[in-house]
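Peer 1: Build me a structure from this.
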Amino acid sequence: LAHYKCPRTVVFTELPKTSTGKIQKFKLREQAKEVRLEPTKRG
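Peer 2: Predicted structure coming up:
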């Protein structure tokens, strides 16, 4: 795998779940939107 195809960072977080253990997909979408809004740092 070429170095430019590898992700620069990998972030592991706890998945939001309901009381029955199902993953709350709508909360994941909200979190993804927040991450995309953060400015990227290029250097």
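
Peer 1: Tell me the confidence at the residue nearest the centre of the chain?
Peer 2: In the chain, the centroid-proximal residue (Cα atoms, centre = their mean) is Ala32; its distance is 5.4 Å. Looking at Ala32, its pLDDT stands at 85.

Peer 1: Measure how buried Arg36 is and give me the count.
Peer 2: Arg36: 8 surrounding residues under other Cβ atoms under 10 Å. For glycine as for every other residue, the C-beta is placed from the backbone atoms N, C-alpha and C.

Peer 1: burial count for Lys5?
Peer 2: Lys5 has 6 nearby residues by other Cβ under 10 Å.

Peer 1: State the distance from it to Ala32.
Peer 2: Noted for Lys5: a distance of 21 Å to Ala32, by Cβ to Cβ, to the nearest Å.

Peer 1: Can you tell me the element the residue nearest to the centre of the chain falls in?
Peer 2: Secondary structure from DSSP states H and E places Ala32 in helix 25-37.

Peer 1: Give me the distance from that helix to the chain's centre.
Peer 2: Using Cα atoms, centre = their mean, to the nearest Å, the mean C-alpha position of helix 25-37 is found 7 Å from that of the whole chain.

Peer 1: Would you mind measuring from the residue nearest to Thr13 when sequence neighbours are not counted to Ala2?
Peer 2: Leaving out its chain neighbours, the residue that sits closest to Thr13 by Cβ to Cβ, 6 or more residues apart in numbering is Gln31, at 7.8 Å. To Ala2, Gln31 is 29 Å away according to Cβ to Cβ.

Peer 1: re the thing from before, which strands or helices does the helix holding Ala32 pack on?
Peer 2: The contact analysis (3 or more Cβ pairs under 8 Å, 6 or more residues apart in numbering; DSSP states H and E) places helix 25-37 against no helix or strand.

Peer 1: hmm, back to that, so for Gln31 and Ala2, which sits in the more crowded spot?
Peer 2: For Gln31 versus Ala2, neighbours defined as other Cβ under 10 Å are more numerous around Gln31 (13 against 5).

Peer 1: who touches the helix holding Ala32?
Peer 2: The contact list for helix 25-37 (Cβ atoms under 8 Å, 6 or more residues apart in numbering) reads Thr13, Leu15, Pro16.
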